[in-house]
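Peer 1: Okay, predicted coordinates and the sequence, questions at the end:
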Amino acid sequence: MAELTCQFVRPDRLLYEGPVANLTLVTYEGELGVWPGHAAEICALGDGVVRLHQTERDGGGEVDVIISGGYAEIDNNTVIILANHARRSDDIEPDVVRDTREAAIDARDALAANDHRRAYYDGKINWCNLLLKHATDRPIASPILAS
């Protein structure tokens, strides 16, 4: 059976490198399904969930990765995902994210309204909101994207 080779990278590390049956990217225009034989393409990634579908020999499950921004390159049955922020949905600790969000709100609100550093905290708050929206309590079902 045909498969894709996937590299999933975020700024601090490689999240995954290996085969997937197919995947669904989240772009600014909506979701983009990628199957073996997909035409070459580079696309800008939005905020949401990238779904990696494992091959049958790897269990056939789905791994959801929450991302915020980045790019994906599709070429010759290879997909390279370069995400600005990325975290598996089953690797989110909601209490820690809530604490981080509250600290970011406090830090932002301590700055003057015209302080350019507020943009950093706004981005951090938005990332925390996205993580909380997609957090799950599922156990890790597969070694794909293992930390």
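Peer 2: Received, thanks.

Peer 1: Pull up the pairing partners for the helix or strand of the chain with the lowest mean pLDDT, direction included.
Peer 2: Taking mean pLDDT, DSSP states H and E as the measure, the chain has strand 13-20 as its least confident helix or strand, at a mean of 92. When pairs are called by DSSP bridges, strand 13-20 turns out to pair with strand 4-10 (antiparallel).

Peer 1: contact partners of stretch 29-46?
Peer 2: Outside of stretch 29-46, the residues that reach it under the criterion Cβ atoms under 8 Å, 6 or more residues apart in numbering are 2-4, 22-28, 67, 69-77, 79, 81, 83. Every C-beta, even on glycine, is put in place using the N, C-alpha and C of the backbone.

Peer 1: Produce a PyMOL select command limited to the buried residues of those residues.
Peer 2: For anyone working in PyMOL, the buried entries among the contacts of stretch 29-46, judged by 16 or more other Cβ atoms under 10 Å, can be selected with:
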select buried, resi 3+4+22+23+24+25+26+67+69+70+72+74+77+79+81+83
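
Peer 1: what bridges to the residue nearest the centre of the chain?
Peer 2: Nearest to the mean C-alpha position of the chain, by Cα atoms, centre = their mean, lies Ile67 at 2.7 Å. According to DSSP bridges, the residues that bridge with Ile67 are Gly48, Ala86.

Peer 1: I'd like to know how far it sits from Arg117.
Peer 2: To Arg117, Ile67 is 24 Å away according to Cβ to Cβ, to the nearest Å.

Peer 1: picking that back up, give me the distance between the least confident helix or strand of the chain and the centre of its chain.
Peer 2: From the chain centre to the centre of strand 13-20 is a distance of 12 Å (Cα atoms, centre = their mean, to the nearest Å).
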